[in-house]
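have a look; sequence and predicted model below, questions after that.
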Amino acid sequence: MKKNIVLIGFMGTGKSSLGRQLARRLGYRFVDTDSAIEEVTGKTVEQIFRRDGEIRFRSEENLLAQKLAGQSGLVIATGGGMVLNQENVELLKQNGVLIKLWAEPEVLLQRVKSKKRRPLLRRGDLRENVLRLLQERDGYYDVAEFTVDTGKLSFGEAINEMYRYI
Ligand code: S3P
């Protein structure tokens, strides 16, 4: 059975764009958890945070992790907060290889300028928010068995690194 490839990491590390391409290369189906949640709920990530609150969004993430744990042959790009819940980590690991994507804060800051789908960055100073969240989440992404620095590598090189590992 083909194990799922699960990309985890902070916002702006390239999980969705690299994941989509990696899935193509492997012939796997691509799942972006934010998009999947938007489909299931019929609301945007932004709307869920604003109308129902972050806790509701996290519970949607958990329901999705339960569903995905039973599937195979997927490349899954997770939202940056998916692995804050240890239960999600365990679910995604059941039939998945976790890969951490990472980049220096300065690189992330350039990339997260688009706040679409990122309500956590919407209020206040972007730099402060990113640095604070990075600090709060220190260690959470280290549950992966392989790490790729997407700041130092080109898009193609990052894909190759992951492909070789798999
Ligand atoms: C979040 C990251 C976002 C999205 C939501 C919350 C987070 O996904 O799930 O805004 O808590 O880090 P990306 O990592 O794809 O931006």
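Thanks, I have the structure now.

buried stuff in the longest helix anywhere in the chain?
Ranked by residue count and defined by DSSP state H, the top helix of the chain is helix 54-69. The neighbour-count check on helix 54-69 (16 or more other Cβ atoms under 10 Å) flags 57-58, 60-61, 64-65, 68-69 as buried. Placement of C-beta: from N, CA and C, glycine included.

likewise stretch 12-20?
Buried residues in stretch 12-20 (16+ other Cβ under 10 Å): 12-16, 18-19.

ok, and residue 31, which helix or strand is that part of?
Residue 31 is part of strand 29-32 when elements are defined by DSSP states H and E.

coming back round to it: of the buried residues of stretch 12-20, which is the nearest to residue 147?
For the buried residues of stretch 12-20, the residue nearest residue 147 by Cβ to Cβ is residue 13; the value is 10.3 Å.

helix/strand/coil for the closest one?
With DSSP: H, G, I helix; E, B strand; the rest coil as the basis, residue 13 sits in coil.

find me the pLDDT at it, would you?
pLDDT recorded at residue 13 is 97.

doesn't residue 112 make contact with it?
No: with contacts counted by Cβ atoms under 8 Å, residue 13 stays clear of residue 112, the gap being 9.6 Å.

quick one: which two of the buried residues of helix 54-69 are the most distant?
Farthest pair in these (Cβ to Cβ) is 57 and 69. Separation: 18.9 Å.

which bits of this structure sit near the ligand?
Selection of the chain residues close to the ligand by Cβ under 6 Å from any ligand atom yields 11, 15-16, 34, 45, 79-81, 117-120.
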